[in-house]
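Peer 1: Return atomic coordinates for the entry below.
(chains A and B)
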Protein chains: 2
Amino acid sequence: MNDDPGLFEIMHSLRAMRRLKPDPVPPAMIDRILDAAIRAPSGQNTQPWAFLVVTDADGKRFFGERYRYWLYERFGEQITRDDPHSALGRSINAARHLADHMHEAPVLLMVMGKRDWPFAVPAAERQGKAPPSYGSVYPCVQNILLAARGLGLGASLTTMHQMFEDELHAHFGIPSDYGVVAVIPIGYPQGRFGPVSREPAASKTHYEHWGRQRRD
Amino acid sequence: MNDDPGLFEIMHSLRAMRRLKPDPVPPAMIDRILDAAIRAPSGQNTQPWAFLVVTDADGKRFFGERYRYWLYERFGEQITRDDPHSALGRSINAARHLADHMHEAPVLLMVMGKRDWPFAVPAAERQGKAPPSYGSVYPCVQNILLAARGLGLGASLTTMHQMFEDELHAHFGIPSDYGVVAVIPIGYPQGRFGPVSREPAASKTHYEHWGRQRRD
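Peer 2: The predicted model follows:
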């Protein structure tokens, strides 16, 4: 495939990009992202995902107002308390920036999952608000983040909508048999992609039995 | 990066590979897979994952026996009933093959997640068996599947261990504050990678409001 960016390079430089430019995202890019999203695995290949692409001002404002309210409601104390130059402080500042500017993101991509879980329970007996099978939707979400990064778009994974999910259902007409799993603001990034630093895998990996090193 | 396979090509050809060759997988490949895995996003960057790499015969037999028992227990009726040539029948045959040969997979990679969720609840008050935050572990799981595919290795995502997770904890010494999220058998594939077919994204995508098409 031409112009196909390197898989490992993309995985290693997939930072959450919370500062986005207002420039619109071409619909063809959204199509390409979603066409990658649906290649993800899902339990028994049920493909329980659905997508809502929000680009109009009303919908973004509706979401952004509630997102911002809940960010400050939940993390307001941390926001004022933390050293803005510490790693946590920088992360909180970026989260606050995202919340303050959520409505300006060119695209808000909502990823839904069908409440089809557990399979063994007949649909009629399942609790109305049972969560979707996250294990059958989050691989698709990760494909979305990777595909966006692969196209040079910034994105970040947010789940704060859980605090006001009923309002989303009502406003956007989302059927009750779907749960909203994640909301992903997408746009051209203000900053640059770069390597993501993490705790090394070796510090979290065990061999044959928990607590054992690899025998070399 | 040299020898970096194309991101979109890999996402589009990531089939579940349930028929694996017995040839060992070089440890350096596992290292590279896990180094990609940990680049995934997680809620508040908590990186709650941990990995258990099982390659010895005892551990694989222990897991394989239980996996096979539960596969037949849960899907035995379907296994005998479905047309082996239908899409579902072929999928069930592949699942049965995987179960019958699980202990022969060169590597069983268990992915654990810390039971740190919900954050708002103090650890001491959380239910002992609360699931980990799947949203903070499945993106890492998808990176593992993609990285394996990128290196030419076959893998598949299994969650049947949920039927006997307590036994896994006891046998492999997994601490109770970690839950096992997925078990991924990895090896060189017997078959070929190829395009994965799915319901088209367009059939699952809504614009601005559930049920609306894109305005072009």
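Peer 1: what element comes up after the strand ranked longest in chain A heading to the C-terminus?
Peer 2: The single longest strand within chain A, with elements called by DSSP state E, is strand A:178-187. Sequence-wise, the next helix or strand downstream of strand A:178-187 (DSSP states H and E) is strand A:205-207.
Peer 1: tell me the mean pLDDT for that next one?
Peer 2: The pLDDT scores in strand A:205-207 average 98.
Peer 1: who does that strand touch, helix- and strand-wise?
Peer 2: With contacts defined as 3 or more C-beta pairs under 8 Å, 6 or more residues apart in numbering or on different chains; DSSP states H and E, strand A:205-207 has these neighbours: strand B:49-54. Glycine gets a C-beta too; all of them are placed from N, C-alpha and C.
Peer 1: Skip ahead from the strand it packs on and say which helix or strand is next.
Peer 2: The first helix or strand that comes after strand B:49-54 along the chain, using DSSP H and E, is helix B:57-81.
Peer 1: got the angle for that next one vs strand B:178-187?
Peer 2: Angle of helix B:57-81 versus strand B:178-187, following axes from the mean of the first three to the mean of the last three C-alpha atoms, to 10 degrees, is 80 degrees.
Peer 1: and the gap between residue A:135 and residue A:116?
Peer 2: From residue A:135 across to residue A:116, the span is 12 Å (C-beta to C-beta, to the nearest Å).
Peer 1: One more: residue A:68?
Peer 2: Distance, residue A:68 to residue A:116, using C-beta to C-beta: 32 Å.
Peer 1: Show the pLDDT at the residue positioned nearest the centre of chain A.
Peer 2: For chain A, residue A:157 is the residue whose C-alpha lies nearest the centre (C-alpha atoms, centre = their mean; 2.5 Å). pLDDT for residue A:157: 97.
Peer 1: Isn't it up against residue A:186?
Peer 2: No. Using C-beta atoms under 8 Å as the test, residue A:157 is too far from residue A:186 to be in contact (11.1 Å).
Peer 1: pLDDT at residue A:193, what is it?
Peer 2: 93.
Peer 1: Also residue A:83?
Peer 2: 73.
Peer 1: can you pull the contacts of it?
Peer 2: Contact analysis of residue A:83 by C-beta atoms under 8 Å, 6 or more residues apart in numbering or on different chains lists residue A:89.
Peer 1: Report the separation between residue A:68 and residue A:165.
Peer 2: Residue A:68 is 16 Å from residue A:165, where distance means C-beta to C-beta.
Peer 1: Compare those two (neighbour count), which wins?
Peer 2: residue A:68 (18 against 15; other C-beta atoms under 10 Å in any protein chain shown).
Peer 1: so where is chain A shaky, pLDDT-wise?
Peer 2: For chain A, the stretches with pLDDT under 70 are A:1-2, A:77, A:79-82, A:117-129, A:216.
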